[in-house]
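Q: Just to be clear, the model below is a prediction. Sequence and coordinates:
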Amino acid sequence: MKFSLSYLLILAIVFTGCREASKSPEMAMAQETPPKTLLEKLADKHGFEHWNKVRRLQFTFNVDRGENHFERTWIWEPQTNTVTSITATDTLTFQRDQVDSLLLPTDAAFINDKYWFLAPYQWVWDQDSFTHEYEESAEAPISGEAAARLTIVYGNEGGYTPGDAYDFYFGKDSVLTEWVFRKGNQPEPSLAATWEKYQDEGGLLLSTHHQNADGSFKLYFTGVRVN
């Protein structure tokens with residue numbers, strides 16, 4: 001039996017189409033989705049996979065040093081990157097992509113407070129801005145317990161505090177328990193603090209309390225609301 005060339009081409013297209021159609025959606029997704037990086041996996045331990053559902057995040061940043069208390073409240077709408085700053089004396093709303101010289105101090109304060117609140121998510125958001133190293137075994141600075149450690153060092157250009165370094169320490173469940181901030185990547189710690197009193201807010205695992213070894217410095221979050 002003889003077949004024309006056009007007939008054979010049609011058969012080839014049909015069989016190819018059948019093979020493609022036989023692939024399940026799960027198989028197609030697995031082929032299209034690259035494996036997650038270490039930073040993404042660590043962020044997911046803190047609920048980062050739910051972040052894309054967040055429309056509005058509100059929190060109050062509190063600091064106690066002895067008898068001195070300071071606080072400011074933030075409302076962030078990440079879908080539009082709209083930020084509202086609320087202090088005892090002023091309320092200000094701005095777009096983060098339209099920050100001018102007058103807004104720089106407020107925007108810098110927001111970046112600082114957000115970093116304390118969402119540092120595990122910054123590992124993904126900032127991953128093109130720093131180098132990192134991960135160690136399976138290290139000693140946590142406050143508890144002295146064995147812990148895995150992630151060290152990140154920001155580049156010397158860009159951002160409000162270029163060149164700074166952070167050491168993050170994890171429990172056995174890969175959840176952050178302590179960190180060290182090292183200004184300008186200096187060897188000695190500028191500040192070591194705990195990460196504790198976690199709350200689950202819509203799938204986001206958020207630490208709401210930090211303090212140094214002797215408790216003379218406490219930084220904590222109240223009024224947390226996630227929509």
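A: Everything's here; your move.

Q: what does stretch 46-64 contact?
A: If you take Cβ atoms under 8 Å, 6 or more residues apart in numbering as the criterion, stretch 46-64 is touched by 40, 69-79, 113, 116-117, 120-121, 124, 175-176, 200, 202-206, 217-227. For every residue, glycine as well, the C-beta is placed using N, CA and C.

Q: Pull out the buried members of those.
A: Neighbour counting with 16 or more other Cβ atoms under 10 Å marks 71-77, 113, 116-117, 120-121, 124, 176, 204-206, 217-221, 226 as buried within those.

Q: separation between the residue nearest the centre of the chain and Asn52?
A: Residue closest to the mean C-alpha point of the chain, counted by Cα atoms, centre = their mean, is Tyr121 at 0.9 Å. Look at Tyr121 and Asn52: by Cβ to Cβ, to the nearest Å, they are 11 Å apart.

Q: circling back to that earlier point, and the contacts of stretch 46-64, which of them are in strands?
A: Secondary structure from DSSP state E places 69-77, 176, 200, 204-206, 217-226 of the contacts of stretch 46-64 in strands.

Q: What about Thr194, how many residues nearby?
A: 23 (other Cβ atoms under 10 Å).

Q: Mean confidence (pLDDT) on stretch 97-115, please.
A: On average, the pLDDT along stretch 97-115 is 96.

Q: What segments of this protein are strands?
A: Per DSSP E, the chain carries strands over the ranges 57-65, 68-77, 82-86, 91-95, 130-139, 146-154, 165-170, 176-182, 191-194, 196-201, 204-211, 217-226.

Q: Note down every partner strand of the first one and its orientation.
A: When pairing is defined by DSSP bridges, strand 57-65 lines up against strand 68-77 (antiparallel), strand 217-226 (antiparallel).

Q: what would the ones you listed look like in CSV with distance to Phe130 and mean pLDDT?
A: Output for the strands paired with strand 57-65, formatted as CSV (distance: least, Cβ to Cβ, whole Å; pLDDT from 0 to 100):
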stretch, distance to Phe130, mean pLDDT
strand 68-77, 22, 98
strand 217-226, 22, 98
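
Q: Tabulate the ones you listed (JSON lines), appending distance to Val83.
A: Output for these, formatted as JSON lines (distance: least, Cβ to Cβ, whole Å):
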{"stretch": "strand 68-77", "distance to Val83": "5"}
{"stretch": "strand 217-226", "distance to Val83": "15"}
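
Q: how about those, which one is nearest Glu136?
A: Shortest separation from Glu136 across these is recorded for strand 217-226, at 28.5 Å, computed as Cβ to Cβ.

Q: do you know how far Ala148 is from Gly171?
A: 9 Å.

Q: Isn't Arg96 up against Thr80?
A: No. In this structure, Arg96 is not within contact of Thr80 by Cβ atoms under 8 Å, at 9.3 Å.

Q: So for these two, which sits in the more crowded spot?
A: Taking other Cβ under 10 Å, Arg96 and Thr80 do not tie; Arg96 has more neighbours (15 against 11).

Q: Which pLDDT value belongs to the residue nearest to that one when sequence neighbours are not counted?
A: Among residues not flanking Arg96 along the chain, Asn81 sits closest, at 4.4 Å (Cβ to Cβ, 6 or more residues apart in numbering). Model confidence at Asn81, given as pLDDT, is 97.

Q: again, but for Gly159
A: At Gly159, the pLDDT value in this model is 74.

Q: roughly how far apart are the residue nearest to it when sequence neighbours are not counted and Phe61?
A: Nearest non-adjacent residue to Gly159, counting by Cβ to Cβ, 6+ apart: Ser129, 6.9 Å away. Computed with Cβ to Cβ, the distance linking Ser129 and Phe61 is 23 Å.
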